[in-house]
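> Sequence plus the predicted model coming up.
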Amino acid sequence: MVVTSGTRSHVPDLYFNYNTLPITLLHERQLLILAHKIIYLPETVPGVFIDYLSKNESVHPHNTRTKENMHLFRANTAWVWIKVFEI
């Protein structure tokens with residue numbers, strides 16, 4: 001992209017002038033769009049993404065205040081580290 005601004009232009013001003021987002025915010029936006037589609041339009045999402053999000057009530061049967069919230073799965077990276085570097 002050719003930018004006609006000077007070399008001393010502030011980056012936030014350039015993002016504003018060109019109606020773009022910084023890379024981190026663009027990534028976050030795309031993740032939120034994917035989450036929205038998984039929850040509200042699951043037929044538009046490829047099958048491999050459907051299991052990325054689930055409600056707490058699908059993980060355990062307890063009647064809690066947070067049963068309608070999204071369940072956040074955590075990866076167990078310690079197991080991978082041990083298996084890769086095992087002697």
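Sure, I can see it.
> all contacts plus neighbour counts: C-alpha atoms, from now on.
Will do.
> residues contacting the residue nearest the centre of the chain?
In the chain, the C-alpha nearest the mean C-alpha coordinate belongs to Leu31, at 3.3 Å (Cα atoms, centre = their mean). Going by Cα atoms under 8 Å, 6 or more residues apart in numbering, Leu31 touches no other residue.
> which SS state does it fall under?
helix (DSSP: H, G, I helix; E, B strand; the rest coil).
> What of Val48?
Val48 - assigned by three-state DSSP - is helix.
> Retrieve the pLDDT associated with it.
On pLDDT, Val48 comes in at 86.
> got it, and Lys37?
Reported pLDDT for Lys37: 92.
> From His62, how far off is it?
Distance, Lys37 to His62, by Cα to Cα, to the nearest Å: 27 Å.
> which regions of this structure sit below the pLDDT cut-off?
1-7, 75-87 (pLDDT under 70).
> quick one, strands of it?
54-55, 70-71 (DSSP state E).
> residues in contact with the last one?
Counting by Cα under 8 Å, 6+ apart, the neighbours of strand 70-71 from elsewhere in the structure are Leu53, Ser54, Lys55, Asn56, Val59.
> Return the residues in contact with the first one.
By that I understand Leu53. Ala35, Ile38, Ile39, Met70, His71, Leu72.
> what about burial for those residues, which qualify?
In these, burial by neighbour count holds for Ala35, Ile38, His71, counting by 16 or more other Cα atoms under 10 Å.
> Please dump those into JSON lines; it should also carry distance to Leu14 for every row.
Formatted as JSON lines, the buried ones among the contacts of Leu53 follow (distance: Cα to Cα, whole Å):
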{"residue": "Ala35", "distance to Leu14": "29"}
{"residue": "Ile38", "distance to Leu14": "33"}
{"residue": "His71", "distance to Leu14": "37"}
